[in-house]
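Participant: Below is the sequence, then the predicted model.
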Amino acid sequence: MSNLGLLIALVIIVPVVIVVIFLVIYFVYLKTRRQPEQTLTRSMALVQDAMIEERERSASLAAEQIEEMVKKELDQHPDLADVKLDFGSVPDGTIDIWVDGEQYDNPEDIPDERIRDAIKKAVDTFNA
């Protein structure tokens, strides 16, 4: 190969190799860089877990959050899997609890002790 051919090859190959190396480094950097962590505030966490389902009674965000916590607790009992649970907010600020279509003003009136305990545990966790 003549000197001119060698010079032309170097002028073309060297920049291409440099660009390829740069791109590889850049893509490795993009792949390995840490994403900024998002810090959930307590309020954001409450909103994230609260689920308003179709045909539910109107309830405050706090009531919805506690309801979801109770449902998660009840999931540990296979025989309670079909229990229909719904919390509704009352204008005076209290919560109505509906279990399988029956309305309760006080959790202590609910016949199943496991449901009462799940509600107490959820309220205690929520207020912690």
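Facilitator: Received the coordinates, thanks.

Participant: quick one: the strands in the chain?
Facilitator: With DSSP state E, the ranges of strands along the chain come out as 85-89, 95-99, 102-104.

Participant: mean confidence for the last one?
Facilitator: Looking back up the chat, that one is strand 102-104. With pLDDT averaged residue by residue, strand 102-104 scores 91.

Participant: For it, buried residues please.
Facilitator: For strand 102-104, a neighbour-count test (16 or more other Cβ atoms under 10 Å) marks Tyr104 as buried. C-beta here means a position set from N, CA and C on the backbone, and glycine is covered the same way.

Participant: just to revisit the earlier point, can you redo the strands of the chain as a markdown table, where the extra columns are distance to Lys120?
Facilitator: Formatted as a markdown table, the entries for these read as follows, by distance: least, Cβ to Cβ, whole Å:
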| stretch | distance to Lys120 |
| --- | --- |
| strand 85-89 | 14 |
| strand 95-99 | 12 |
| strand 102-104 | 13 |
